[in-house]
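J.: Following is a predicted model, sequence given first.
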Amino acid sequence: MGKAKNRYKKNVEIIEEFVTNAVRHSGATEVFIAGKADNKGFLLTLTRDGEPTKKGAPGIGTKLLESISHEITESR
């Protein structure tokens with residue numbers, strides 16, 4: 001798989017996990033997803049309504065998001 005296609009797939013995984021976490025943990029009813037590409041890379045912005053995230057140790061979903069984000073950064 002090419003680098004661009006792999007980054008695309010990873011961004012889709014991030015969006016899926018973000019939406020799942022937003023609904024499951026904060027009771028979100030709306031999410032906002034925006035992407036911006038330029039010559040330096042791609043910026044993905046994700047926001048949601050719902051309750052604030054609870055403090056404490058990150059769960060599996062948060063760890064997955066961090067891991068995927070790191071993979072994308074490393075593949076640039």
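T.: Great, that's in hand. Numbering: from 1, shown residues only.
J.: Point out where the chain drops to low pLDDT.
T.: 1, 73-76 (pLDDT under 70).
J.: Do a quick rundown of the strands in it.
T.: 31-38, 41-48 (DSSP state E).
J.: May I see the buried residues of the first one?
T.: The reference is to strand 31-38. Under the neighbour-count criterion of 16 or more other C-beta atoms under 10 Å, strand 31-38 has nothing buried. From N, CA and C alone the C-beta is placed, and that goes for glycine too.
J.: relative to strand 41-48, how tilted is that strand?
T.: Relative orientation of strand 31-38 versus strand 41-48 (axes from the mean of the first three to the mean of the last three C-alpha atoms, to 10 degrees): 170 degrees.
J.: Could you export strand 31-38 as CSV, CA atoms only?
T.: C-alpha atoms of strand 31-38 as CSV (Å, rounded to 0.1, in the frame of the first residue of the first chain):
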residue,chain,number,x,y,z
VAL,A,31,-19.6,15.9,15.6
PHE,A,32,-17.6,18.3,13.3
ILE,A,33,-15.0,16.8,11.0
ALA,A,34,-12.8,19.0,8.9
GLY,A,35,-9.6,18.3,6.8
LYS,A,36,-7.1,20.7,5.3
ALA,A,37,-4.3,19.6,3.0
ASP,A,38,-1.3,21.8,2.1
